[in-house]
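J.: sequence unknown, structure follows:
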C-alpha cells in the first residue's frame, strides 16, 4: 500500500539523511514521494546533499563545488555511505516513487545546474516521475525554459499571495510552505488557484493532527516516516469505529 506523504531526505529519523540507505528505507515503507537536495560538483555532476559544505554529514571539509565527484566519493557518511549522485538516487527509486528535487541554487553559485539536472532526468527516463523545486525562483525560470513538460514547484518560507502570478507564469503545480506560516486563508487561496500544498516539516503528532484537520489536501513532508504511518492508521481505525 502506498503511503501518501513525502519522505524528507529519505528517512532521517532512522538513517543518515540524503543517503541511498535512507532512500531505500522510504521506498521499502511504501512512501509515494521522496524529497532530496541537489548541488553540483566541481566537474558538473549533480550530487545529493542538503548543505553546500560537507562537514556536517561527512568526514571531510569544504564545499561541494570545490571537489570533483570522484573526490567527493572518497568521503564517508558514517562508516560506509558515500555522497550519492542524483543519477544513483533516481535509479534506486525509479518506478516506485515520485521524486521532489530541491535545487540548492542561489544566483549563479552553480553554473549550469539546471542543464546538468535536466540531463540526468533525461538519461534516467525520470522526467515524468519528478518535480523540481527551489527557493531560488530564477532557477525555476531557467528550468521551465529548458523543458515545457517537467513539473515545477515553488518553495516559500512564509505565506505570500504574490507567489500565485509567478506560479501561473512558470506553470508550477506545487507550493511548499513552512507549516508555522500556514493560515486558513492562505490554504483557501492555494486551493482556489488549483495548486497542491506541501506542508513542511510535519514531525510531531500535534502537527500531523493540525495538517489533517485544517489542510486535508496537503502533502505532508516528514522526517519520521513510521510515525506518520502510525498516525494515519490510528485515524483510519478511529473513523472505522465511528462509522460502525
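T.: The structure has been received and is ready for your questions. These numbers were taken from a predicted model, which means no experiment stands behind them.

J.: what's the lowest-mean-pLDDT helix or strand in the chain packed up against?
T.: Within the chain, confidence by mean pLDDT, DSSP states H and E is lowest for helix 225-243 among all helices and strands, at a mean of 89. Secondary-structure packing of helix 225-243 (3 or more Cβ pairs under 8 Å, 6 or more residues apart in numbering; DSSP states H and E): strand 3-8, helix 20-29, helix 205-214. In this view, the C-beta of every residue, glycine as well, is placed from N, C-alpha and C.

J.: quick one: buried residues of it?
T.: Buried residues in helix 225-243, defined by neighbour count with 16 or more other Cβ atoms under 10 Å: 225, 227-229, 231-232.

J.: quick check: end-to-end length of stretch 23-43?
T.: According to Cα to Cα, to the nearest Å, stretch 23-43 extends 25 Å from its N-terminal end residue to its C-terminal end residue.

J.: please apply the same query to stretch 133-151.
T.: Distance between the boundary residues of stretch 133-151 (Cα to Cα) amounts to 9 Å.

J.: mean neighbour count added to the helices and strands packed on helix 225-243, as JSON lines?
T.: Written out in JSON lines, the entries for the helices and strands packed on helix 225-243 read as follows (neighbours: other Cβ atoms under 10 Å):
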{"stretch": "strand 3-8", "mean neighbour count": "24"}
{"stretch": "helix 20-29", "mean neighbour count": "20"}
{"stretch": "helix 205-214", "mean neighbour count": "15"}
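
J.: what ranges does this protein have for its strands?
T.: Assignment of strands within the chain using DSSP state E yields the ranges 3-8, 31-40, 46-48, 98-103, 130-134, 151-156, 174-178, 196-200, 219-222.

J.: among the ones you listed, which is nearest residue 15?
T.: The closest of the strands of the chain to residue 15 is strand 3-8. By Cβ to Cβ, the value is 10.7 Å.

J.: could the buried residues of helix 225-243 go into JSON lines alongside distance to residue 117?
T.: Converted to JSON lines, the buried residues of helix 225-243 look like this (distance: Cβ to Cβ, whole Å):
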{"residue": "225", "distance to residue 117": "25"}
{"residue": "227", "distance to residue 117": "31"}
{"residue": "228", "distance to residue 117": "28"}
{"residue": "229", "distance to residue 117": "30"}
{"residue": "231", "distance to residue 117": "33"}
{"residue": "232", "distance to residue 117": "32"}
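
J.: look at the most centrally placed residue in the chain and report its pLDDT.
T.: Ranked by distance to the mean C-alpha position of the chain (Cα atoms, centre = their mean), the top residue is residue 35 at 2.5 Å. For residue 35, the pLDDT comes out at 98.
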